[in-house]
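A.B. asks: coords below, sequence missing:
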């Protein structure tokens, strides 16, 4: 199971580059069967403030950028946010509209079946 069973889900989670790489690779392997672009081609930015979003994926730049908050309410919310942004990366790589439409919903359903979480 992708999510951490038994971990304190009320404890604040502070991602760093190492943790993001670890979880990116896990999610890529479990959810996407390792088919996303290599992680090294994506700049990861940990931000103390993102206006209203939990994460943002910028795909119209080179290299692509992933922005994440420096603190999440818990690890589950962080994992769900990272997986959410990785779906947008998949959409871009597969020339699909980068939105929350039918392709996104398919990944949300798959993520839910694998983890019990939501994108």
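C.D. replies: In hand now; what should we look at? Keep in mind the model is a prediction, meaning the values are calculated, not measured.
A.B. asks: contacts and neighbour counts: CA atoms only from here.
C.D. replies: Will do.
A.B. asks: Any regions of the chain where pLDDT drops low?
C.D. replies: 1-9, 38-40, 50-51 (pLDDT under 70).
A.B. asks: repeat that with 80
C.D. replies: For the chain, the stretches flagged by pLDDT under 80 are 1-10, 37-42, 47-52, 59-63.
A.B. asks: residues in contact with the residue nearest to the spatial centre of the chain?
C.D. replies: A centroid search over the chain (CA atoms, centre = their mean) returns residue 82, at 1.6 Å, as the residue closest to the centre. Contacts for residue 82 (CA atoms under 8 Å, 6 or more residues apart in numbering) come out as 24, 55, 68.
A.B. asks: Residue 117 too?
C.D. replies: Neighbouring residues of residue 117 by CA under 8 Å, 6+ apart: 76, 80, 111.
A.B. asks: Which of those residues sits closest to residue 49?
C.D. replies: residue 80 (18.3 Å; CA to CA).
A.B. asks: burial measure for the closest residue in space to the closest one that isn't next to it in sequence, as a count.
C.D. replies: Nearest residue to residue 80 in three dimensions, chain neighbours excluded: residue 119, at 5.4 Å (CA to CA, 6 or more residues apart in numbering). When neighbours are defined as other CA atoms under 10 Å, residue 119 has 20 of them.
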